[in-house]
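Build me a model from this:
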Amino acid sequence: MKNSILTIFIVCISGISFAQNKIEKCNTVAQEKQKSCKDHLIADLISDYAEYPEHALNNSHEGTVYVRFTTNANSDLQNVRILGKSDAELADAAKSAIEKFSHSDAKSLLAQNEVYRIPVRFEAQ
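The predicted structure follows:
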């Protein structure tokens, strides 16, 4: 149990460090492409927190759930909602991933007072 907690902790820390390096790379692209670059990175991080619902996986339910949220002056997530129609299980899993992300150190990568529209992908492999 201690080993798995330590492993998860190390993966999260290395992931955040990796993400910060990617953010720095996003800052070097043209100004008009920076938001798109950062949004892709944040979407990848949030997807890392997504747990594929077992029932959906067993029944080969795949899809992309689009989640919209805003951030306040402290980069706290607000107004989280699912956009469009999505499989209910996948939508719940996407909301759960957003919730986990919002309590992680990776949240610091979010801009203040910003609107995000993030795809959370579920693909059986």
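
what's the residue closest to the geometric middle of the protein?
The residue lying closest to the centre of the chain (C-alpha atoms, centre = their mean) is Ile46, at 1.4 Å.

Test my guess that that one contacts Arg121.
No - in this structure, Ile46 is not within contact of Arg121 by C-beta atoms under 8 Å, at 10.0 Å. Every C-beta, even on glycine, is put in place using the N, C-alpha and C of the backbone.

now the residue nearest to the centre of the chain: how far from Ser60?
Relative to Ser60, Ile46 is positioned 23 Å away (C-beta to C-beta, to the nearest Å).

Likewise for Asn74?
From Asn74 across to Ser60, the span is 40 Å (C-beta to C-beta).

got the residue ranges for the helices in this protein?
Applying DSSP state H to the chain gives helices spanning 2-26, 31-49, 54-58, 88-102.

comparing those helices, which gets the lowest mean pLDDT score?
Lowest mean pLDDT within the helices of the chain: helix 2-26, at a mean of 53.

does Gln112 really touch Thr70, like I thought?
No - Gln112 is beyond contact range of Thr70, at 10.3 Å (criterion: C-beta under 8 Å).

okay, those two: which has more neighbours?
Between Gln112 and Thr70, counted using other C-beta atoms under 10 Å, Thr70 has the larger neighbour count: 14 against 10.

Look up how far Ala56 lies from that one.
Thr70 is 28 Å from Ala56, where distance means C-beta to C-beta.

One more: Asp105?
Asp105 sits 29 Å away from Ala56, going by C-beta to C-beta.

Name the residue in those two with the higher neighbour count.
Using other C-beta under 10 Å, the more surrounded residue of Asp105 and Ala56 is Ala56, with 19 against 11.

Could you pull up the contacting residues of the more buried one?
Ala56 sits next to Asp87, Glu89, Leu90, Ala93, Phe122 when contact means C-beta atoms under 8 Å, 6 or more residues apart in numbering.
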